[in-house]
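S.K.: Next comes the sequence, and after it the predicted model I'd like to discuss.
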Amino acid sequence: MALLQTWRGRVTSLAFVLAIGSVSSATADNWPSWRGPHGNGICDEGHVAYRWNRTENVAWRLALPGPGGSTPAVWEDRIFLTAVEGDELLLLCASTDGEELWRRVVGVGNKNVRNDEGNFASPSASTDGEFVWSMMSSGDIGCYDFDGEEVWKLDLQDRYGPFQISFGMTATPVLYGDRLFLQLVHGDRKADTHEARIVALDKRTGAELWQAHRITGAYGENELSYASPMLYDDTKMRFLVTHGADFVIAYDLNDGHEIWRCGGLNPHDDPKKRYHPTLRFVASPAMVPGMIVVPTAKNGPVIALRPHLMGDLTENADAYIWKRPDNTPDVPCPLIHDGLVYLCRENGNLICLEAKTGQELYQERTNRERHRASPVYADGRVYLTARDGKVTVVKTGRDFEILAQNDLEEPQSSSPAISNGTIYLRTFEALWAIREPN
């Protein structure tokens, strides 16, 4: 995300951390999108709470009109998140004092998926401090100012054709500079119409700037991706990383041309390996300068790539920093911090790897419950959120240590957001603000 100056707030640096290094401490950060100010789940702030329950260290609780899996976006004194109410798909704005300020109907036509797993309010909102953008799994997408006035709105299925994806388009768009990047990976290979595409929109008008068809050899459920695109930025090189249909593929931000692609994540042309037609990707890649960690699904492989190459990297040994044959996170994104890679598996096991080599340092159990949220880092700790609402806080480092397990007693699938010393936890019932008293 670019540096932007707005009438709403101070300039916030969104530069990525140094390669696989430590982050510097800052007084306060906005949390403008799903993975935070650096796009990697890292919070620079100190003095962040790590113990709470329904009464301890709770600043406030705001009841929500209905469930959703999106992470709150926070800018100064505003919080944005999505929810469903009946059949309506809502964008909500709340103050950091816990008061709902406004709500807007972005679309109509909710669908509850996989029993209690989610609904069409899954993608997270993004903001630049002046406007907020919200996309729903139905393909309805809109831009609003901070007072809730509609700037533009459109239906992506009207523009790009019906989505052929079982549980809705869950990918959260990436906001960078004056552009909004969308990953629409879905389709029916039998139709051979190349529905999967990457799109860049003008953030102020919704006009298409470019689109790129995303063609792979995937078939079955693998044609569908529930992962989100991610931005790679090391100040020397910037590109969009997309994940799905058996490949991780990088695209140029200016015109959408393909820079590189890497397969082998679910080989379909190797007679020695069995193709898994239901191995769809949900977890998104994680990255720091010099490294992209790519998950897969269903106990598949995890790979670490060098980003500064071109072409098909699948058989290029120089492209790989390391490969791990199994134990991928199925839904949570990897987290990279201070030379370590953290993988939170769906069963609650936490794996810690040495970033340079991929060597496993530990694999330990946290909370034996489904983990759908992605881990975040703050103040020397990793926060892991389970589906039952319990958040396990683990000390960072090469040795495993659980510092706390906190229970709000409400189901949750969204990742935490941290801003100005406050942890925002969005359960299916409410938005909670967690912070230690001053």
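M.R.: That came through fine.

S.K.: Now do the SS call for Gln157.
M.R.: Following DSSP: H, G, I helix; E, B strand; the rest coil, the label given to Gln157 is helix.

S.K.: Let the chain start at 802 from now.
M.R.: All right, first residue 802 from here; so that's Gln958.

S.K.: Chain neighbours aside, what residue packs nearest to it?
M.R.: With Cβ to Cβ, 6 or more residues apart in numbering as the criterion, Gln958 has its nearest non-adjacent residue at 4.2 Å, and that residue is Gly940. In this view, the C-beta of every residue, glycine as well, is placed from N, C-alpha and C.

S.K.: now Ala1174
M.R.: Leaving out its chain neighbours, the residue that sits closest to Ala1174 by Cβ to Cβ, 6+ apart is Thr1186, at 3.7 Å.

S.K.: and the gap between that neighbour and Glu1024?
M.R.: With distances defined as Cβ to Cβ, to the nearest Å, the gap from Thr1186 to Glu1024 amounts to 29 Å.

S.K.: These two - which one has more neighbours?
M.R.: Between Thr1186 and Glu1024, Thr1186 has the larger neighbour count (other Cβ atoms under 10 Å), namely 29 against 24.

S.K.: for the residue nearest to Gln958, what are its contacts?
M.R.: Gly940 makes contact with 908, 956-959, 964, 970 under the criterion Cβ atoms under 8 Å, 6 or more residues apart in numbering.

S.K.: And for Met1088, the neighbour number?
M.R.: Using other Cβ under 10 Å, the number of residues around Met1088 comes to 25.

S.K.: I'd like the distance between it and Leu1041.
M.R.: Taking Cβ to Cβ as the criterion, Met1088 is separated from Leu1041 by 11 Å.

S.K.: Mutual contacts of the two, please.
M.R.: Counting by Cβ under 8 Å, 6+ apart, the shared contacts of Met1088 and Leu1041 are 1031, 1033.

S.K.: What is the nearest of the contacts of Gly940 to Asp1180?
M.R.: Met970 (34.3 Å; Cβ to Cβ).

S.K.: Tell me if I'm right that the closest one and His987 touch.
M.R.: Yes: taking contact to mean Cβ atoms under 8 Å, the distance of 7.0 Å between Met970 and His987 places them in contact.

S.K.: Which residues are in contact with each of those two?
M.R.: Joint contacts of Met970 and His987 (Cβ under 8 Å, 6+ apart) are Phe964.

S.K.: Within its sheet, name the partner strands of the host helix or strand of Cys894 and how each one runs.
M.R.: Element membership for Cys894 (DSSP states H and E) is strand 889-896. Take DSSP bridges as the rule and strand 889-896 pairs in its sheet with strand 879-886 (antiparallel), strand 901-909 (antiparallel).

S.K.: hey, which of those strands is tucked in deepest?
M.R.: Comparing these on average neighbours per residue, with mean count of other Cβ atoms under 10 Å, the densest one is strand 879-886 at a mean of 24.

S.K.: Could you pull up the mean pLDDT of that strand?
M.R.: Strand 879-886 shows a mean pLDDT of 96.

S.K.: what pLDDT does the residue nearest to Ala1174 get?
M.R.: Each residue has a pLDDT score; the one for Thr1186 is 97.

S.K.: One more: the one 5 residues further on?
M.R.: Note on Lys1191: pLDDT of 97.

S.K.: Was I right to think it contacts Asp1208?
M.R.: Yes: applying Cβ under 8 Å as the test, Lys1191 and Asp1208 come out as touching, 4.8 Å apart.

S.K.: And these two? Which one has more around it.
M.R.: In this comparison of Lys1191 against Asp1208, neighbours counted by other Cβ under 10 Å, the higher total goes to Lys1191 at 19 against 14.

S.K.: Now do the same contact list for the more buried one.
M.R.: Per Cβ under 8 Å, 6+ apart, neighbours of Lys1191: 1168, 1170, 1206-1208.

S.K.: Please pick the buried ones from the residues you listed.
M.R.: The neighbour-count test (16 or more other Cβ atoms under 10 Å) applied to these identifies 1168, 1170, 1207 as buried.

S.K.: Any chance of those in CSV with pLDDT as columns?
M.R.: Written out in CSV, the entries for the buried ones among the contacts of Lys1191 read as follows (pLDDT from 0 to 100):
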residue, pLDDT
Asn1168, 95
Glu1170, 92
Asn1207, 98
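
S.K.: Please enumerate the helices of this structure.
M.R.: 957-961 (DSSP state H).

S.K.: where are the low-confidence patches of it?
M.R.: For the chain, the stretches with pLDDT under 70 are 802-828, 990-995, 1069-1074.

S.K.: Please repeat the previous calculation with a cut-off of 80.
M.R.: Residue ranges of the chain with pLDDT under 80: 802-829, 915-918, 989-995, 1068-1075.

S.K.: What residues does Glu1237 make contact with?
M.R.: Applying Cβ under 8 Å, 6+ apart, one finds that Glu1237 lies in contact with 848, 850, 858, 1222.

S.K.: tally of neighbours for the nearest residue to the third one once chain neighbours are set aside?
M.R.: The shortest distance from Asn858 to any residue that is not its chain neighbour, by Cβ to Cβ, 6+ apart, is 4.8 Å, and that residue is Ala850. When counting by other Cβ under 10 Å, one arrives at 22 neighbours for Ala850.

S.K.: Then Pro963?
M.R.: By the other Cβ under 10 Å criterion, the neighbourhood of Pro963 contains 10 residues.
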